[in-house]
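1. task: produce atomic coordinates for the following.
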Amino acid sequence: MTNQTSQYANDPSYKTLKRISSIMDEAIPIPGTKQSIGLDAFVGLIPGVGDTISVFISGVALFTVARNGLPARLIMAMTFNLLLDYLIGIIPGIGDFIDVFYRANRNNVKLIEGYYNQNPQAINQVQKSSTGLMIFAGLMFILLTSVVFLVAYFVKLVIWQSMGWE
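-> Residues are numbered from 1 along each chain as shown. Sure, this is the predicted structure:
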């Protein structure tokens with residue numbers, strides 16, 4: 001297990017992910033508590049673009065790790081964490097509060113460490129999260145396809161009515 005641990009601990013992309021995780025999720029200790037908050041909580045307060053900036057920064061870390069040939073299911077699980085963090089963060093008010101406690105980058109670091117250490121709980125979490133992402137992607141595809149067809153149908157109706165057909 002020591003060999004596997006050193007395998008990811010010395011990996012520059014893992015170090016990048018760990019550094020970004022630290023900055024985004026745990027950079028500023030809260031006085032009098034064991035808790036800390038990161039840049040993600042502050043950037044998320046900017047209406048409209050804050051969470052997008054935050055997920056972009058986290059996405060860069062994910063991209064650097066993904067280039068190293070990690071399994072697709074692990075990358076999908078990490079992507080699901082970032083997507084969930086983004087969707088939570090865009091909820092006005094409540095999302096900013098929850099964003100302080102849901103730390104997607106730290107969760108991604110734990111997933112990679114668990115994967116390399118062959119931790120059964122981490123591997124199970126990867127399976128669940130990647131399945132969740134596939135289901136979410138399927139539902140989004142169905143939703144977007146439905147919206148496109150509805151818009152096309154209403155555009156057709158407007159055009160037909162403006163031409164006096166039917």
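2. need the next SSE after the lowest-mean-pLDDT helix or strand in the chain, C-terminal direction.
-> Taking mean pLDDT, DSSP states H and E as the measure, the helix or strand of the chain with the lowest value is helix 2-9, at a mean of 56. Scanning forward in sequence from helix 2-9 by DSSP states H and E, the next helix or strand is helix 12-26.
3. off-centre distance for the next helix or strand after that next one?
-> With elements assigned by DSSP H and E, the helix or strand that comes after helix 12-26 is strand 28-29. In terms of CA atoms, centre = their mean, to the nearest Å, the centre of strand 28-29 is found 22 Å from the chain centre.
4. check which helices and strands the very next helix or strand once past strand 28-29 is in contact with.
-> Sequence order places strand 36-37 as the next helix or strand after strand 28-29, per DSSP H and E. Contact partners of strand 36-37 among helices and strands, from 3 or more CB pairs under 8 Å, 6 or more residues apart in numbering; DSSP states H and E: helix 12-26, strand 28-29. Any C-beta I mention is one placed from the backbone N, CA and C, and that applies to glycine too.
5. quick one: strands adjacent to the shortest one?
-> Sheet partners assigned to strand 28-29 using DSSP bridges are listed as strand 36-37 (antiparallel).
6. what about the partner strand, distance to the chain center?
-> Chain-centre distance of strand 36-37: 19 Å, with CA atoms, centre = their mean.
7. list the contacts for the spatially most central residue of the chain?
-> Note on the chain: the residue nearest the mean C-alpha position is residue 82, at 0.9 Å, using CA atoms, centre = their mean. Applying CB atoms under 8 Å, 6 or more residues apart in numbering to residue 82 gives the contacts 55, 58, 59, 62, 104, 108.
8. quick check: of the residues you listed, which lies closest to residue 90?
-> The nearest member of the contacts of residue 82 to residue 90, counting by CB to CB, is residue 55 at 9.7 Å.
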